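>>> Compute the structure for the input listed below.
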Amino acid sequence: MAETRWLDEREARAWRGVIGVLQRLIAALERELVRDAGLSGAEYTLLVPLSEAPDGVVRARDLGRMVGWERSRVSHQVSRMEKRGLVAREECGEDARGSMVRLTDAGRASIVAAAPAHVAAVRRYFIDALTDAELEVIGPALERVLGRLPDVYA
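Numbering: from 1, shown residues only. Predicted coordinates:
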């Protein structure tokens, strides 16, 4: 068994910072989504790729891959969103086992109403806290980290 490579002070500081930012940023953004738009973070997460898709339709399995969720989580969330009239589930013409998720007019209206305040919050809490030079470093750095992570939802 290999010897553990413990984090040094610099590494531990960076790691604790990432964890703290993830937890508090997500909580703050979700709180504002609920307050300002009546949407949960999970609803917003699915509405974004649906609103960007041609005709507002995405296969459920692909939607899960796009947001990094397991199939059961997507299914449960889509069911909740169907009840609110934000999305509609349809049969997949290519594969009877699959389903398509369609953004409804109410869903599109919700994301259009929520997006400006959400982007303003992302800017206020994250983007505006960084210099241009830091943004040039952090984007590629996070992409490298993301590239090393296994795709557990594929």
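
>>> okay, CA-based contacts and neighbour counts for the rest of this
Noted.

>>> Which neighbouring elements make contact with the lengthiest helix in the chain?
Ranked by residue count under DSSP state H, the longest helix found in the chain is helix 9-37. Applying 3 or more CA pairs under 8 Å, 6 or more residues apart in numbering; DSSP states H and E, we find helix 9-37 packed against helix 41-52, helix 105-125.

>>> quick one: the most centrally placed residue in the chain and residue 114, what's the gap?
Residue closest to the mean C-alpha point of the chain, counted by CA atoms, centre = their mean, is residue 45 at 4.3 Å. As for residue 45, its distance to residue 114 is 12 Å (criterion: CA to CA, to the nearest Å).

>>> tell me the pLDDT at the residue nearest to the centre of the chain?
For residue 45, the pLDDT comes out at 96.

>>> which ones are touching it?
Contacts of residue 45 were listed using CA atoms under 8 Å, 6 or more residues apart in numbering, and they are residue 67.

>>> nearest residue to residue 30 other than its sequence neighbours?
residue 41 (5.0 Å; CA to CA, 6 or more residues apart in numbering).

>>> Output the below-cut-off pLDDT ranges for this protein.
Where the chain drops to pLDDT under 70, the residues are 95-96, 152-154.

>>> Within the helices and strands, which one has residue 101?
Residue 101 belongs to strand 99-103 when assigned by DSSP states H and E.

>>> So which elements touch that strand?
Using 3+ CA pairs under 8 Å, 6+ apart: strand 99-103 touches helix 41-52, strand 57-59, helix 60-67, strand 87-91.
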